[in-house]
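*Asks:* got a sequence here, can you model it:
(2 chains)
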Amino acid sequence: MKGKGFWPSAVEAPAAPARPWPRLQLRALFYRPRGDSPVKRLFIHLALWVACLIAVYPVLRVVTISLRPANKLLTTSLAIIPEDATLANYIELLFGRPGRPTEFYLWIWNSLIITVTTATVGLLLSATAAYAFSRFRFPGRAAGLIFLLSTQMFPAAMLLLPLFIMISRLGLINSYLGLVIAYSVTAVPFSIWMLKGYYDTIPRDLEEAALIDGASRLGVLWHIIRPLSTPALAIAFLFNFMSSWNEYIVARIILNKREMYTWPLGLWTFTEQYTVLWGKFAAASILVAVPVTLLFLYSSRWLISGLTLGGVKE
Amino acid sequence: MGALTPEVMARSLSQVLGFILAIALVLALLEGYVYLLFFRRPRSLLGAIFTRTVQGAMAAFLLLLVLRFLDRMGLIADLVAALGLAPLLAFPERAWAAWSAFSPMPWRLLLPFFLILALELLIYLTGEPRPSRLGLAYVLILPALIGISFLIVIPFLFEVRLAFSNMAMYTAQNPEFGLRYGVENFIKVFTGPVAKDATFFEVFGRTVLWTVINVFFHVTGGLILALLLNRPMRLRGLYRTILILPWAVPSTITAMAWRNEFDFRYGLFNILLRNAQQFFTDLAAQTQSLPLVYDLFAWLSQAVHPVPWRQDPTWAFISVVMTNVWLGIPFMMVVILGGLQSISQEYYEAAEIDGASKWQQFRHITLPLLRPVLVPATILGTVWTFNRFEVIYLVTQGGPQEKTDILVSSLYKAIFQFYRYGFSAAFALVIFFILLLWSIFYLRITKGLRGIYE
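*Replies:* Reported below is the predicted structural model:
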């Protein structure tokens, strides 16, 4: 593996194999039905309906509350579409009241800035290390992996105190960077562990073939591994995005200026006022939740396989 | 009152992009440094002298910067005082101040960068390639190594140091350090209240209870739903999508939604309970002539009643457990479903031919083959539940009277409500050791280290 220079010479990259990872498990759809009796099937469907109702109802209640007019907010009615349903809460949230512009977009913006930065920094610091952990046997590897594995075990709250003091000594309270640093604490080791799991699934033959053909290690990294790892990087990004997007507890201690609030903090302010603004709170929840939930459902298959590679691994 | 204006957007973007750019540039320089160390060898004696001098100077400067950072965080104050390092550590800052007075803004940052880049380029040009077997591994590891040292290792060391201090609200600026304080802190963790009234063992017991109940319901609920879903049937995809909804919706929102449902008058559960009570009362009124039936309904109309979810400790605990169970089932369901789908159907066909009952098939085929998925998922689920206090924080905030606090939420309170920093650091270390024991157990059971040593 003689380095020919810092930048590798162009290597004929072999065709990428079928992606080993984001792939549907179709087998379940093709096996022979076990031929349950109609009564049993009815009961199964019934049980699933009940489970679905329990899963959905609390969420539907939020929709209901968001549609209620201000004077009928507190009611013992269980109807899903309330009487006198109105979109006033949504309108006030999106367009503000005269003389009082809405803060909703600012909160979303702050959340977006912080989350995207966290996810980017997480990838920046972890992507190459994961590959090294997967392919090289270097002194310190085992210790490093045990360390990474154990970071999955410990709560972020454990390091909250020293981080909080360090962040405040650096003058980063009430800044995006302070929160980005706090979130990176979990994002970086998690990404390394997850990406390592992914690189482990890429067969080594590819790289060995390229090495025999005279490619340098860096050439292999750039021409073979980089194109193959795009989906994994996207998933790691999405994961870190999701976990910091919803975070409330750490944000609460790092940010205490209203202009810097992320959306969970912003939403919480609705419940802390003199009269609790449940309608506005619920409307904001729905507006935030719908895109994120759709994103999650859309990507759930990959998210789940990523989580399986990252943590729950035999 | 802030609205989102273009100026706000521009300011935040420049701040964040500057941060990312700075990290990328510093990383690039460090990567270059390490690359040269491993892959270039000076060609001549003069080159060697030059290369090693520059590399030595850079290393010394880096070391100085790191020490200065640690000193600024208050981590090595004793060492600095003992060795009289203070003037030396002030050097980078004084140099920087002198440099800033001298150069305008963009150049202030760019010139040092280009200077170092030029030096590295010079080293590259005066050297020849040197083979290195593991150099690339270290080049690749470097960013993570730096990130993790600053994000985890240094904070952890800081925490250990804090545990041996008397740092609290009034001593936050100039805490004293010493073994005496450390012993005091650790004794206080086990004897005194950890937040306001609750003691360590009380909270620890509740944490274990919280974890066991939650994980039990997560796994059983997930297993049942996965078994129901693991068959060809109509609407399967729809069911699956709806059932992972509790996981998909941001938990901040669902936790707050559940909090509302525990309201005494307007919460869903009390409305349902009140309606049920009304229903039984009505039934009792209508069946007065039937002795036994009447007694049953009369008893039911007494037994079923709205519950003080917020005021009563037991009910408050039940309310947080309910919320967390609801939130956690979908994850287990999905993991178990994945495991079920990888079990070959042939086992069941063979068992059916041999006349095994459905229960026997479950007991002797499904469960053993599910074990590789189930065991790590359960143990990891335990750790996550042990650590996750978001639901508790959002639904009950540990109340009433800290009767729903678990260890991690008490820790949070001790830090951010009672400002007992030294004590909290010791408390955090105790929690750390509990989890450490558990993770060693985990690694033994799942042989999670096998992949590491292969």
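*Asks:* how about residue 156, what does it touch?
*Replies:* As the question left the chain open, I've gone with chain A. Neighbour list for residue A:156: A:182, A:185-186, A:250, B:387 [criterion: CB atoms under 8 Å, 6 or more residues apart in numbering or on different chains]. C-betas here are computed from N, CA, C, even on glycine.
*Asks:* switch to chain B, please.
*Replies:* By CB under 8 Å, 6+ apart, the contact set of residue B:156 is A:159, A:162.
*Asks:* contacting residues for residue B:327?
*Replies:* B:246-247, B:251, B:254-255, B:391.
*Asks:* now do it against residue B:414, distance only.
*Replies:* For residue B:327, the distance to residue B:414 equals 25 Å [CB to CB, to the nearest Å].
*Asks:* now do residue A:115
*Replies:* Distance, residue A:115 to residue B:414, by CB to CB: 29 Å.
*Asks:* does stretch B:420-437 reach chain A?
*Replies:* Yes. Residues of stretch B:420-437 contacting chain A under CB under 8 Å from any CB of the partner chain: B:421, B:424-425, B:428, B:431-432, B:435-436.
*Asks:* pull out the buried positions in that stretch.
*Replies:* Within stretch B:420-437, the residues that count as buried by 16 or more other CB atoms under 10 Å in any protein chain shown are B:420-432, B:435.
*Asks:* residue A:258: neighbour count?
*Replies:* Other residues near residue A:258 come to 14 when the count uses other CB atoms under 10 Å in any protein chain shown.
*Asks:* next: residue A:268.
*Replies:* Close neighbours of residue A:268, defined as other CB under 10 Å, add up to 17.
*Asks:* my guess is it contacts residue A:248. True?
*Replies:* Yes. Using CB atoms under 8 Å, residue A:268 is in contact with residue A:248, at 7.2 Å.
*Asks:* the contacts of residue A:156 in helices, which ones?
*Replies:* Mapping those onto helices (DSSP state H) picks out A:182, A:185-186, A:250, B:387.
*Asks:* closest to residue A:39 out of those residues?
*Replies:* residue B:387 (44.0 Å; CB to CB).
*Asks:* need the nearest residue in space to that closest one, chain neighbours excluded.
*Replies:* Once flanking residues are discounted, residue B:387 sits nearest to residue A:155: 3.5 Å by CB to CB, 6 or more residues apart in numbering or on different chains.
*Asks:* residue contacts, the one you found?
*Replies:* Going by CB under 8 Å, 6+ apart, residue A:155 touches B:386-388, B:408, B:431, B:435.
*Asks:* of all the residues you listed, which comes closest to chain A?
*Replies:* For the contacts of residue A:155, the minimum distance to chain A (CB to the nearest CB) is 3.5 Å, reached by residue B:387.
*Asks:* what residues are up against that closest one?
*Replies:* If a contact means CB under 8 Å, 6+ apart, then residue B:387 has A:154-157, B:408, B:435 as its contacts.
*Asks:* recalculate using a threshold of 10 Å.
*Replies:* By CB atoms under 10 Å, 6 or more residues apart in numbering or on different chains, the residues touching residue B:387 are A:153-158, B:207, B:211, B:406-408, B:431, B:435.
*Asks:* okay, the residues you listed in CSV with distance to residue B:134, secondary structure and pLDDT next?
*Replies:* Listed next are the contacts of residue B:387 as CSV, based on distance: CB to CB, whole Å; DSSP: H, G, I helix; E, B strand; the rest coil; pLDDT from 0 to 100:
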residue, distance to residue B:134, secondary structure, pLDDT
A:153, 29, coil, 76
A:154, 29, coil, 78
A:155, 34, coil, 76
A:156, 32, helix, 76
A:157, 37, helix, 79
A:158, 33, helix, 84
B:207, 43, helix, 94
B:211, 42, helix, 95
B:406, 44, coil, 91
B:407, 41, helix, 91
B:408, 39, helix, 91
B:431, 37, helix, 92
B:435, 33, helix, 88
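*Asks:* now those residues as JSON lines including distance to residue A:287?
*Replies:* As requested, the contacts of residue B:387 are exported to JSON lines (distance: CB to CB, whole Å):
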{"residue": "A:153", "distance to residue A:287": "36"}
{"residue": "A:154", "distance to residue A:287": "34"}
{"residue": "A:155", "distance to residue A:287": "30"}
{"residue": "A:156", "distance to residue A:287": "27"}
{"residue": "A:157", "distance to residue A:287": "29"}
{"residue": "A:158", "distance to residue A:287": "34"}
{"residue": "B:207", "distance to residue A:287": "35"}
{"residue": "B:211", "distance to residue A:287": "34"}
{"residue": "B:406", "distance to residue A:287": "32"}
{"residue": "B:407", "distance to residue A:287": "35"}
{"residue": "B:408", "distance to residue A:287": "31"}
{"residue": "B:431", "distance to residue A:287": "37"}
{"residue": "B:435", "distance to residue A:287": "37"}
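*Asks:* top of the contacts of residue B:327 by neighbour count?
*Replies:* Neighbour counts for the contacts of residue B:327, by other CB under 10 Å, peak at residue B:391, which reaches 29 neighbours.
*Asks:* nearest residue to that residue other than its sequence neighbours?
*Replies:* residue B:324 is the one closest to residue B:391 (CB to CB, 6+ apart), at 4.8 Å.
*Asks:* next one: phi and psi at the one you found?
*Replies:* phi -70, psi -30 (degrees, to the nearest 10).
*Asks:* residue B:82 now?
*Replies:* When read as degrees, to the nearest 10, the backbone of residue B:82 gives phi -70, psi -40.
*Asks:* count of residues packed around it?
*Replies:* Residues within reach of residue B:82, counting by other CB under 10 Å, total 9.
*Asks:* residues touching it, list them.
*Replies:* Applying CB under 10 Å, 6+ apart, we find residue B:82 in contact with residue B:76.
*Asks:* could you check how far it is from residue B:45?
*Replies:* For residue B:82, the distance to residue B:45 - CB to CB - is 40 Å.
*Asks:* same thing with residue B:149?
*Replies:* According to CB to CB, residue B:149 stands 36 Å off from residue B:45.
*Asks:* the two: which has the busier surroundings?
*Replies:* Ranked by neighbour count (other CB under 10 Å), residue B:149 and residue B:45 place residue B:149 first, with 13 against 8.
*Asks:* surely that one and residue B:66 touch.
*Replies:* Yes. The pair residue B:149 / residue B:66 is scored as a contact, 8.9 Å apart, by CB atoms under 10 Å.
*Asks:* top of the contacts of residue A:156 by number of neighbours, please.
*Replies:* Neighbour counts for the contacts of residue A:156, by other CB under 10 Å, peak at residue A:182, which reaches 28 neighbours.
*Asks:* how about the contacts made by the residue nearest to that one when sequence neighbours are not counted?
*Replies:* Leaving aside its chain neighbours, residue A:182 sits nearest to residue A:250 (5.1 Å; criterion: CB to CB, 6+ apart). Residue A:250 makes contact with A:156-157, A:160, A:163-164, A:178-179, A:182-183, A:185-186, A:244, B:412, according to CB under 10 Å, 6+ apart.
*Asks:* with residue A:128 instead?
*Replies:* Taking CB under 10 Å, 6+ apart as the contact definition, residue A:128 lies against A:192, A:195, A:221, A:225, B:27, B:31, B:136-137, B:139-144.
*Asks:* closest to residue B:333 out of the residues you listed?
*Replies:* Looking across the contacts of residue A:128 and measuring by CB to CB, the closest to residue B:333 is residue A:195, at 25.9 Å.
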